[in-house]
Structure formats: structure tokens, C-alpha cells
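Asks: Let me see the structure of the following:
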Amino acid sequence: MTKYVIIVPDGAADEPIDLFDGKTALEAAETPNMDRIALQGRQGLVRTVPEGMEPGSDVAQMSLLGYDPARCYTGRAPIEAAAQGIKLGASDWVFRCNLVTIADGRMADHSAGHISTEESASLLQELQARITDERLSLHTGVSYRHLLVCKGMDFDVRTYPPHDFIGTPVEKLLPRGKGADLLIELMNLSQQIFADHDVNRVRRDLGENQVSSIWLWGQGKRAHLESFRKRFGLSGVAITAVDLVRGLAKLAGFDLIEVPGATGLFDTNYQGKAAAAIEALADHDLVFVHIEAPDEASHGGNAAMKKAAIERVDKHIVGPVLKALEGFESWRILVLPDHPTPVRHGAHSAEPVPFAMAGTGVTGVVQLGFGESNAARSGVRIENGHELMEYFLKSAVR
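Replies: As a prediction, the model looks like this:
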């Protein structure tokens with residue numbers, strides 16, 4: 001039985017960056033293991049975000065798992081609700097609920113300084129106590145990422161992901177459409193409650209970003225995916241620190257592995273993720289490893305940190321996993337970002353991303369290291385991102 005591994009450094013693709021003499025962070029990074037995959041196997045470009053859809057990780061990661069977002073996507077928040085085991089009725093809506101920092105009327109920080117889960121829980125508990133409508137319930141997630149469930153309500157509203165609009169006046173980002181008044185009312189209520197909350201007093205004393213408000217976006221109704229085993233005949237397991245990927249994995253019928261010290265940030269436990277992936281190969285056909293750090297560095301506009309995160313992924317995850325795979329009689333590995341997140345503006349974009357794959361039955365196209373420019377030179381291009389999984393798993397790639 002062939003063993004498969006997919007490693008996703010989230011948001012690692014980029015534009016040329018002056019700091020790196022016109023190279024992208026991926027091209028500038030020291031990535032001998034990703035380069036070896038590209039040299040021994042093949043690289044190309046894949047469009048993970050269908051035309052007309054927002055370039056969110058939800059859409060892109062759904063494509064990477066082999067599901068067509070144009071058919072299967074119902075919103076980001078329902079995916080995260082699946083990760084938390086929240087049961088949604090047919091008429092229920094769920095919204096992503098960030099804790100954000102607003103300064104001088106502008107979106108200043110989509111994560112409120114990557115606030116801790118414990119601090120978040122304290123803030124949300126007090127807000128929930130002040131909400132009088134029993135149809136509304138807040139659900140604490142991880143760090144700044146939470147959910148609002150609205151039971152038996154109806155919405156037709158446009159919302160805006162805060163991480164894509166850093167520096168934008170918030171009055172331009174408020175929800176619009178049917179149900180928007182309720183969402184704005186809740187956001188205003190949170191601002192009143194958080195303004196002098198103990199959590200913010202401590203953060204103020206420590207010089208940390210304060211939590212100005214909840215931010216509601218990513219809405220949708222309950223999601224459903226056909227099982228991965230039924231689609232591809234393989235068992236899968238996911239290793240990630242974020243609820244979005246956990247939710248997609250659960251919807252697809254994957255097992256989940258929680259790695260101690262996996263944070264979704266630059267300081268995540270890279271070695272622990274690699275060790276968990278290698279161990280999972282013993283009893284799973286496909287292992288999906290997601291690392292959020294490059295994306296978070298991009299949102300922060302930190303090119304040097306992004307480059308360093310990519311290098312850590314290569315050294316501590318790709319290298320050990322590749323070595324372990326080579327001990328199997330039949331194997332394949334695929335490395336790629338889900339979408340670009342250019343540090344220039346810190347927002348996701350929809351351009352195709354580079355991928356590199358190697359292993360049994362895979363031969364090369366261009367003898368060049370891994371990166372956006374070299375992937376484009378290969379001439380290999382997959383326009384429908386959800387078709388990459390079939391290409392990776394079943395094609396005789398020669």
C-alpha cells in the first residue's frame with residue numbers, strides 16, 4: 001500500500017520582495033528538502049481558489065483535500081463549528097468571531113496580539129451574560145478565533161475578514177444586508193463591555209494590544225462533505241493547530257492528532273508535528289500536515305519571519321518526513337501553500353500557488369529548486385485545485 005503525505009505551509013507563496021533582492025520568501029528561504037522533492041519529482045502551479053470566490057484558507061484548503069469549493073462550500077464558520085463539534089440545525093447560522101484591536105477607527109490587529117484562549121474565554125463569558133436573546137450563543141475556540149451561533153435566524157449579509165483589511169477604517173468594513181443591524185449591535189455591545197475589562201487592564205499595563213471588539217464574519221450554514229475514504233478509498237489523518245483545518249478534516253472523515261505545543265504561530269512545535277506524522281504513517285494511508293506560521297508572519301508584514309518559518313518547516317518537518325517515507329516500498333509526498341499571502345499588504349490573494357511532489361512513479365519536469373518562478377517554468381498547471389488530489393494520488397506522473 002502506498003503511503004502519502006501532504007505538507008501545507010499556509011500562505012507561504014508570495015510576490016517578489018525587495019528585502020530578498022526580488023525573490024519571494026519561498027525562493028529566498030534555505031529549503032534543501034523541498035528543493036530535493038522538486039528536483040527528484042516535479043513542480044507546477046495549481047489554482048486553489050475558484051474564480052469569483054474569496055481567497056480564504058477555507059476555500060483553498062477544501063480544494064487541497066480534493067473537494068470542489070464551488071459545490072461544497074457553505075462558509076468558513078460552519079467548518080470551524082464542525083471542528084468544535086457544534087451541532088447546527090438546518091435553519092441555524094454560524095459566524096466566525098474574532099477578537100480584534102481597533103485603533104483610531106481603523107482595523108489594527110485581527111488577533112488582538114494573539115490573545116490567549118484563557119483571556120478570550122473570560123471576555124466572551126461576560127459578553128454572553130449580557131446577551132438577552134437566547135438564540136445567540138458564543139463558543140470559545142483557540143486564541144482569537146471563536147464562533148457565534150444564531151439559531152433559527154435568517155441572514156443575507158456581507159461581512160469582511162479582518163486580516164485582509166489591516167489599516168482600513170472599520171466603518172467601511174461593517175456588515176451590510178439583511179441581519180447586519182443585529183451583528184453591529186453585538187459588536188457595539190462587546191466594545192462597551194471590553195473597554196474596561198480586567199483582561200484589557202492587564203494587557204494595557206503590559207503594553208500589549210487590547211481587545212477592542214468582537215468581529216463577526218465568515219458566516220454560513222451547516223456543512224457536509226462526502227467522506228475521503230469513499231471518494232478516494234484511503235484513510236486520512238490531519239495534524240494542525242487551527243480549527244479551520246480540523247473542521248475540514250472532520251467533515252472529510254479524517255482522524256485528528258493533537259500535538260502538544262502546536263500553536264498555529266511561529267513558535268509552534270515543528271518537531272512534534274513531524275514526529276506525529278511519521279508515527280501516523282503506520283496506520284493511515286494519507287497524512288495531512290498543516291503549519292500556520294508563514295501565513296501569520298505574512299499578516300504581520302514580517303518578511304524575515306516568514307522566510308524563517310518556511311525554513312523551519314523544511315528542516316524540522318519536510319526533511320524528517322521525507323526520510324521516513326523513503327523507507328516504504330511505495331510512497332509519495334506533496335508540499336505546497338494553500339494560497340499566497342503577500343507580506344506587502346498582508347492579505348490573502350487568489351493567484352495559483354507552486355506545488356512540488358515526488359515519490360513512486362513521479363519523474364521530473366525541470367531540474368530547478370522549489371519556488372514560484374521555477375514552478376511556472378515547468379509548464380505544469382492545474383486550473384481546478386480540487387483535481388490536484390486525484391493527480392497526486394492516482395496519476396502515473398511521468
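
Asks: Endpoint to endpoint, stretch 191-200 covers what distance?
Replies: 11 Å (Cα to Cα, to the nearest Å).

Asks: List the contacts of it.
Replies: Contact with stretch 191-200 is made by 119, 122, 123, 126, 127, 130, 210, 211, 212, 213, as judged by Cβ atoms under 8 Å, 6 or more residues apart in numbering. From N, CA and C alone the C-beta is placed, and that goes for glycine too.

Asks: show me the contacts for the last one.
Replies: Translated: residue 213. So residue 213 contacts 99, 100, 102, 187, 190, 191, 194 (Cβ under 8 Å, 6+ apart).

Asks: Which one of these is nearest to residue 92?
Replies: For these, the residue nearest residue 92 by Cβ to Cβ is residue 187; the value is 20.1 Å.

Asks: That closest one: neighbouring residues, count only.
Replies: Other residues near residue 187 come to 20 when the count uses other Cβ atoms under 10 Å.

Asks: What of residue 356?
Replies: Neighbour number of residue 356 under other Cβ under 10 Å is 30.

Asks: and what of residue 125?
Replies: So residue 125, with other Cβ under 10 Å, has 11 neighbours.

Asks: now do residue 204
Replies: 12.

Asks: which residues touch the residue of the chain most remote from its centre?
Replies: Most distant from the centre of the chain: residue 132, at 33.1 Å, with distances by Cα atoms, centre = their mean. If you count contacts by Cβ under 8 Å, 6+ apart, residue 132 has none.

Asks: about what we covered before: ranking the contacts of stretch 191-200 by neighbours, who comes first?
Replies: Busiest of the contacts of stretch 191-200 [other Cβ under 10 Å] is residue 211, holding 29 neighbours.

Asks: Do I have it right that it meets residue 100?
Replies: Yes. Judged on Cβ atoms under 8 Å, residue 211 makes contact with residue 100 at a distance of 7.4 Å.

Asks: Pull up the overlap in contacts between the two.
Replies: Both residue 211 and residue 100 are in contact with residue 112, where contact means Cβ under 8 Å, 6+ apart.

Asks: domains for the protein, by residue range?
Replies: Annotated domains of the chain cover 3-73+224-394, 87-220 [automatic domain parsing].

Asks: Now render those as a markdown table, adding distance to residue 81 and mean pLDDT.
Replies: A markdown table is the format used below for the domains of the chain (distance: least, Cβ to Cβ, whole Å; pLDDT from 0 to 100):
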| stretch | distance to residue 81 | mean pLDDT |
| --- | --- | --- |
| domain 3-73+224-394 | 7 | 96 |
| domain 87-220 | 5 | 96 |
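
Asks: most packed of those domains?
Replies: Scoring the domains of the chain by mean neighbour count under mean count of other Cβ atoms under 10 Å gives domain 3-73+224-394 as the most buried, with a mean of 21.

Asks: what's the span of that domain, first residue to last?
Replies: 12 Å.

Asks: Check the secondary structure at residue 276 for me.
Replies: Three-state assignment for residue 276 (DSSP: H, G, I helix; E, B strand; the rest coil): helix.

Asks: what residues are up against it?
Replies: Residue 276 makes contact with 239, 257, 259, according to Cβ under 8 Å, 6+ apart.

Asks: Find the centremost residue of this structure, please.
Replies: Closest residue to the average C-alpha location of the chain: residue 57 at 4.4 Å, with Cα atoms, centre = their mean.

Asks: Show the backbone phi and psi for that residue.
Replies: phi -60, psi -30 (degrees, to the nearest 10).

Asks: Surely it touches residue 294?
Replies: No. Counting by Cβ under 8 Å, residue 57 does not reach residue 294; the two are 11.7 Å apart.

Asks: shared neighbours of those two, which are they?
Replies: Common neighbours of residue 57 and residue 294 (Cβ under 8 Å, 6+ apart) are 10, 11.

Asks: what secondary structure does residue 71 sit in?
Replies: Under three-state DSSP, residue 71 comes out as helix.

Asks: now residue 379
Replies: Relying on three-state DSSP, one would call residue 379 coil.

Asks: And the helices in the stretch 151-300 of the chain, which stretches?
Replies: Secondary structure of the stretch 151-300 of the chain (DSSP state H, counting those that start in this stretch): helices at 180-194, 198-205, 228-232, 243-251, 270-280, 293-299.

Asks: try the stretch 1-150 of the chain
Replies: 25-28, 32-40, 57-64, 69-72, 76-84, 117-130.

Asks: check contacts around residue 149.
Replies: So residue 149 contacts 81, 86, 88, 92, 93, 94, 136, 137, 138, 139 (Cβ under 8 Å, 6+ apart).
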